[in-house]
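In: just coords:
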């Protein structure tokens, strides 16, 4: 991840004096996605893993669900363009261009969001359970992984976990991008996300909840807070939503039946 | 701001036991902007100040620059729709619909972003200065204002300041929304933002920097980190960019000539 930071010359004010020093800032770079030769979106993201990000973005938007849907992915790293060609024309792609959602907090445009969308959503179908003990140790492990954040204070992390183990981990300046890189890697490597747990460093907005439900991930964990809309959507879609995991404490906002221990 | 939170019933795990308690979560609500009867965008935001948010969003997108541009604003609060009619048809509005930028970290779609866009940007033109002393006391005051964050851990704040004084303050689940509410209030109340200082609780991405430069705000301050692209754009557009203001320390990333004291 050293490629995700850059040295810049800054003035530091400390102890009443001012001096020019070298400091580390996080890199931000645009990535334009061309889907079947049509410009779909430009993501502002951390450099690296562009294929995962693009594939995961399309999966989150509901445009891809399987590796077999993809004919080719070509990255032009220098120009910040990634071209994805699908085996069949995608009927939803036009909607991504025409229906624009500008998101909340730390969010970003998710094309298919609407209250109706949430309701027609297939419910997450998984009987998986996770113990409070595993949740506490996952979050501790997750914190240890978050290297770039500690260096620069400027990235979000996401992890896909199975039981008490982190199996995939990504960091990005965007909390959505970090999650999409996880989903994209799963898609391109044909790793199932069902029956798994997703841990995110960011707050849980309705969009994060919806993209998790759409990928059929049954358990979503954050050290931060969810919004009321995320809580409601978690109840509606069947996602187990856990927030404020700190030390040996946590809040279970929805579908606590998947959480075992501390009865 | 009590309207921006909701009580929900959760399960709390603490000290090895599990109990049902009432907890406070932040509200998130969709606001759809219709510009001249055309659906422009749906923002996910904290409830309240919808007129400011909509006007500020349009100003940040470069579609409005003056109160006189607006013929009417009508809020349908129940349905979450705000209608803005302008005196003249807006040539840029089509672009907002067609060109979609999906943003980074805690970001959101800003329609007109591009490297070229940044370069043709008028440079911020202001000879205003601010002392390190005023910056430290502004940030302390800003922290004291951030009420909802302390309650729920889930909102961003933005403040417009003049010298050592906060003159406008807004909170929202979106860091962009909080800033847009400031810009919108300024636009609708004909308050100038030039020669003022903007303080944000969020990280400074290229988009936050660009929207600040576009409104001709000369000084941008955050307790958090900027990205390398934000630093570069600050240098290019003439914005004084200050980050990591904590206690009596700060980092000046660009245009430090506006910062006096601690020489």
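Out: Sure thing, it's come through. All values derive from a computational prediction rather than experimental measurement.
In: Grab the most central residue of chain A for me.
Out: residue A:179 (1.6 Å; Cα atoms, centre = their mean).
In: What separation do you get for the closest residue to residue A:156 other than its chain neighbours and residue A:218?
Out: Excluding the flanking residues, the one nearest residue A:156 by Cβ to Cβ, 6 or more residues apart in numbering or on different chains is residue A:175, at 3.9 Å. Placement of C-beta: from N, CA and C, glycine included. Separation of residue A:175 from residue A:218 (Cβ to Cβ, to the nearest Å): 20 Å.
In: Also residue A:49?
Out: Counting by Cβ to Cβ, the separation of residue A:49 from residue A:218 is 25 Å.
In: still on that earlier bit, out of residue A:175 and residue A:218, name the residue with the larger neighbour count.
Out: residue A:175 (30 against 25; other Cβ atoms under 10 Å in any protein chain shown).
In: Return the per-residue confidence for the more buried one.
Out: In this model, residue A:175 is scored at 88, pLDDT.
In: what do you get for residue A:36?
Out: If you check residue A:36, the pLDDT there is 92.
In: Relative to residue B:59, how far out is it?
Out: 35 Å.
In: So for these two, which sits in the more crowded spot?
Out: The neighbour count for residue A:36 versus residue B:59, taken as other Cβ under 10 Å, is higher for residue B:59 (23 against 14).
In: which ones are touching that one?
Out: By Cβ atoms under 8 Å, 6 or more residues apart in numbering or on different chains, the contact list for residue B:59 reads B:65, B:180, B:183, B:184, B:187, B:215.
In: A strand includes it, no?
Out: No. Applying DSSP: H, G, I helix; E, B strand; the rest coil, one finds residue B:59 to be helix, outside a strand.
In: how much space between it and residue A:136?
Out: On the measure of Cβ to Cβ, residue B:59 and residue A:136 end up 46 Å apart.
In: low pLDDT regions in the stretch 101-250 of chain A?
Out: Applying pLDDT under 70 to the stretch 101-250 of chain A flags residues A:101-122, A:147-153.
In: Roughly how far does residue A:86 sit from residue B:207?
Out: Distance, residue A:86 to residue B:207, by Cβ to Cβ: 29 Å.
In: okay, these two: which has more neighbours?
Out: Each of residue A:86 and residue B:207 has its neighbours counted (other Cβ under 10 Å); residue B:207 has more, 28 against 17.
In: how far away is the more buried one from residue B:169?
Out: 21 Å.
In: try residue A:41
Out: Look at residue A:41 and residue B:169: by Cβ to Cβ, they are 33 Å apart.
In: what about the closest residue to residue A:81 other than its chain neighbours, is that helix, strand or coil?
Out: Nearest residue to residue A:81 in three dimensions, chain neighbours excluded: residue A:32, at 5.0 Å (Cβ to Cβ, 6+ apart). Assigned by three-state DSSP, the conformation of residue A:32 is strand.
In: got a list of what residue A:32 touches?
Out: The contact partners of residue A:32, by Cβ under 8 Å, 6+ apart, come to A:39, A:41, A:42, A:43, A:80, A:81, A:82.
In: For the stretch 101-250 of chain A, just list every one of the strands.
Out: Ranges of strands in the stretch 101-250 of chain A, per DSSP state E, counting those that start in this stretch, are A:101-102, A:130-131, A:156-162, A:165-172, A:197-200, A:219-222, A:240-246, A:249-254.
In: tell me the angle the third one makes with strand A:165-172.
Out: Following axes from the mean of the first three to the mean of the last three Cα atoms, to 10 degrees, one obtains 160 degrees for the angle between strand A:156-162 and strand A:165-172.
In: Not counting its own residues, what contacts strand A:156-162?
Out: Here strand A:156-162 has contacts from A:106, A:138, A:142, A:145-146, A:149, A:166-175, A:177-179, A:181-182, A:186, A:191, A:193, A:195-202, B:105, using Cβ under 8 Å, 6+ apart.
In: The fourth one too?
Out: With contact meaning Cβ under 8 Å, 6+ apart, strand A:165-172 is reached by A:1, A:4, A:45-46, A:49, A:52-53, A:138, A:141-142, A:145-149, A:155-161, A:178, A:181-182, A:185-186, A:191, A:196, A:199, B:104-105.
In: mind listing what's buried in it?
Out: For strand A:165-172, the neighbour count (16 or more other Cβ atoms under 10 Å in any protein chain shown) marks A:166, A:168, A:169, A:170, A:171, A:172 as buried.
In: just to revisit the earlier point, tell me the spacing between the residue nearest to the centre of chain A and chain B.
Out: The gap separating residue A:179 from chain B is 12 Å, by Cβ to the nearest Cβ, to the nearest Å.
In: Check the gap between that residue and residue A:171 for me.
Out: Distance from residue A:179 to residue A:171, counting by Cβ to Cβ: 11 Å.
In: Please apply the same query to residue A:3.
Out: Distance of residue A:3 to residue A:171, given as Cβ to Cβ: 12 Å.
In: Check residue A:64 too.
Out: The gap separating residue A:64 from residue A:171 is 23 Å, by Cβ to Cβ.
In: try residue A:32
Out: Distance of residue A:32 to residue A:171, given as Cβ to Cβ: 21 Å.
In: Surely residue A:84 is in contact with residue A:56?
Out: No. Counting by Cβ atoms under 8 Å, residue A:84 stays clear of residue A:56, with 11.5 Å between them.
In: More neighbours: which of the two?
Out: Using other Cβ under 10 Å as the criterion, residue A:84 and residue A:56 rank with residue A:56 on top: 29 against 25.
In: Could you look up the SS state of that one?
Out: Three-state assignment for residue A:56 (three-state DSSP): helix.
In: What about the residue nearest to residue A:219 when sequence neighbours are not counted, how many residues nearby?
Out: The shortest distance from residue A:219 to any non-neighbouring residue, by Cβ to Cβ, 6+ apart, is to residue A:197 (4.1 Å). Look at residue A:197: counted by other Cβ under 10 Å, it has 27 neighbours.
In: Also residue A:18?
Out: Residue A:18 is flanked by 17 other residues according to other Cβ under 10 Å.
In: who does it bridge with?
Out: When assigned by DSSP bridges, residue A:18 has beta-bridge partners residue A:13.
In: what residues are up against it?
Out: With contact taken as Cβ under 8 Å, 6+ apart, residue A:18 is in contact with A:11, A:12, B:132, B:262, B:263.
In: can you tell me how far it sits from residue B:20?
Out: Relative to residue B:20, residue A:18 is positioned 54 Å away (Cβ to Cβ).
In: which phi and psi does residue A:125 have?
Out: When read as degrees, to the nearest 10, the backbone of residue A:125 gives phi -110, psi 100.
In: Not counting residues beside it along the chain, what's closest to it?
Out: In this structure, residue A:125 finds its nearest non-sequential neighbour in residue A:216, 6.8 Å apart by Cβ to Cβ, 6+ apart.
In: Quick check, the one you found in contact with residue A:126.
Out: Yes. Counting by Cβ under 8 Å, residue A:216 does reach residue A:126; the two are 7.1 Å apart.
In: near chain B, which residues of the stretch 151-263 of chain A show up?
Out: A:152-156, A:172-175, A:177, A:202-203, A:205-207, A:224-231, A:244, A:248-253, A:256, A:259, A:262-263 (Cβ under 8 Å from any Cβ of the partner chain).
In: What subset of the residues you listed is buried?
Out: Buried by 16+ other Cβ under 10 Å: A:152-156, A:172-175, A:177, A:202-203, A:205-207, A:224-231, A:244, A:250-253, A:256, A:259, A:262, out of those.
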